[in-house]
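Student: Mind looking at a prediction? Sequence and model below.
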2 protein chains.
Amino acid sequence: MTTRPSMSTTNTPDRLGRPGFAPRSVHESDRESQMEPPKDLDQLHDDVERRLAAAGQRYTDGRRALVSALATAQRPLTLRDIVSTVPEVPQSSAYRNLDALRAGGIVVRISAGGDRAHFELAETLLGHHHHLICVSCGTIEDMRIDGALEAEVDRALTGAAGEAGFTPLRHSLDLYGECSDCGDEA
Amino acid sequence: MTTRPSMSTTNTPDRLGRPGFAPRSVHESDRESQMEPPKDLDQLHDDVERRLAAAGQRYTDGRRALVSALATAQRPLTLRDIVSTVPEVPQSSAYRNLDALRAGGIVVRISAGGDRAHFELAETLLGHHHHLICVSCGTIEDMRIDGALEAEVDRALTGAAGEAGFTPLRHSLDLYGECSDCGDEA
DNA sequence: GGGTAGCTGAAACTGATTCTCATTCTCAGA
DNA sequence: TCTGAGAATGAGAATCAGTTTCAGCTACCC
């Protein structure tokens, strides 16, 4: 369960965090050995194109630009971030295309970081990870934790869910705090 | 302007779960022994009143009604839920008072469950807990997990946060899935 | 070339949340 | 009991993220 990209993604091709595209955070050098070598952007685009095709959708320039922006950013972005990074894609198209990418299991939407939604590539592309969320500026960074602990958490949650008659799909484990930038200011 | 990025509870008294007010989920009988006996509503109101007073704010009827609604609900509520439970408090006052209660560390706002925010009593009143979030109907239920695992998660997160130069405040561990109601329908 | 389904951009719309402002309430001090 | 200051309230307007609509465009198949 854990990793199912996102609720709406009923057509997601594969299951658990298959590490994929480039590593994104500074603190994962220790994982590098267990990961496939990071894909480059071209490989990512090929992968995305294949998935969209499987979902009967085209991989247009606009969508390609969005995926590039998300892949390059190394962290979840708000719609505003995305639109300012890729100004040639108007807001409405950005929303619509992110939606198409979500339906294709390429992108997930995160609601944790305050008022506005963040978007990032799905865990099937990035691997399972968690978030560091700055309570001051709302920035979200990726982080990974030990696999064994991950499994234990998953087991505990599944147990608790069962007791409540709840069918588990995935978990989210986020840490709220102050990022180095905001902490320094204080 | 209230704009303080939602989680602005920078004045929250303490970090991770000090158990307090009544137990709220079915699966915590095993914790009961380690908790203070559950407070009743009157005690809760006294506590809240004291905290608000300390923050230089009054505990008016409207605020009291909101706290009662949240305490009675046994789960996080949306603004809509709250207003329909306490129709004598108009929407604008509800938002404003929830804000005051947030500033006083009485209430927290949860953004996990989709588009609309949920509100619940702070962990200093309810004890540390997590959420089961239904991806179909958006309902959120409380749940608790084993204390030892909790500590381990906390340690792991704090470690990862440190590496990223991040000052940890609290974590959130939520399970997404389908609640029994929505699962049954399918 | 013609047809068609999927895309696009602009603009209007929706719904949650916040702000404004006139009015009312509370409470300490006179 | 009265008063003034400041806090709180209620109604409605404003804001803003996100969604929908619609007419025009494009890629692709025949």
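Tutor: In hand now; what should we look at? Just so it is clear, the structure is predicted and the values come from calculations on it, not from any experiment.

Student: The closest residue to DNA strand D within chain A: how many residues sit nearby?
Tutor: Going by Cβ to the nearest atom of the strand, DNA strand D is nearest to A:A117 of chain A, at 3.2 Å. Quick note: C-beta positions are derived from backbone N, CA and C, even for glycine. Using other Cβ atoms under 10 Å in any protein chain shown, A:A117 has 18 other residues around it.

Student: Next up, the contacts around it.
Tutor: A:78-79, A:109-111 (Cβ atoms under 8 Å, 6 or more residues apart in numbering or on different chains).

Student: cutoff 10 Å now
Tutor: Residues counted as contacts of A:A117 (Cβ atoms under 10 Å, 6 or more residues apart in numbering or on different chains) are A:76-79, A:95, A:98, A:109-111, B:111, B:115.

Student: again with A:I82
Tutor: A:I82 neighbours (Cβ under 10 Å, 6+ apart): A:65-66, A:69-70, A:73, A:89, A:91, A:94-95, A:97-98, A:118-119.

Student: May I see the ChimeraX selection of the buried members of the contacts of A:A117?
Tutor: Listed next is the ChimeraX selection for buried residues among the contacts of A:A117, using 16 or more other Cβ atoms under 10 Å in any protein chain shown:
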select /A:76,77,78,79,95,98,109,110,111 /B:111
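
Student: Name the residues of the helix of greatest length in chain A that are buried.
Tutor: Secondary structure assigned by DSSP state H gives helix A:147-163 as the longest helix of chain A. For helix A:147-163, burial by neighbour count (16+ other Cβ under 10 Å) applies to A:149-150, A:152-154, A:156-158, A:160-161.

Student: Now name the helix or strand holding the residue nearest to A:R63 when sequence neighbours are not counted.
Tutor: Excluding its sequence neighbours, the residue lying closest to A:R63 (Cβ to Cβ, 6 or more residues apart in numbering or on different chains) is A:N97, at 4.9 Å. Assessed by DSSP states H and E, A:N97 sits inside helix A:91-103.

Student: export that helix as PDB, just CAs?
Tutor: Output in PDB follows, covering the C-alpha atoms of helix A:91-103 (Å, rounded to 0.1, in the frame of the first residue of the first chain):
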ATOM      1  CA  GLN A  91      -2.600  29.100 -15.500                       C
ATOM      2  CA  SER A  92      -5.700  27.300 -16.800                       C
ATOM      3  CA  SER A  93      -3.600  25.100 -18.900                       C
ATOM      4  CA  ALA A  94      -1.300  24.400 -16.100                       C
ATOM      5  CA  TYR A  95      -4.200  23.200 -13.900                       C
ATOM      6  CA  ARG A  96      -5.700  21.200 -16.700                       C
ATOM      7  CA  ASN A  97      -2.400  19.600 -17.600                       C
ATOM      8  CA  LEU A  98      -1.500  18.800 -14.000                       C
ATOM      9  CA  ASP A  99      -4.800  17.200 -13.800                       C
ATOM     10  CA  ALA A 100      -4.100  15.100 -16.900                       C
ATOM     11  CA  LEU A 101      -0.700  14.200 -15.500                       C
ATOM     12  CA  ARG A 102      -2.400  13.300 -12.200                       C
ATOM     13  CA  ALA A 103      -4.900  11.000 -14.000                       C
END
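
Student: All good on my end, thank you.
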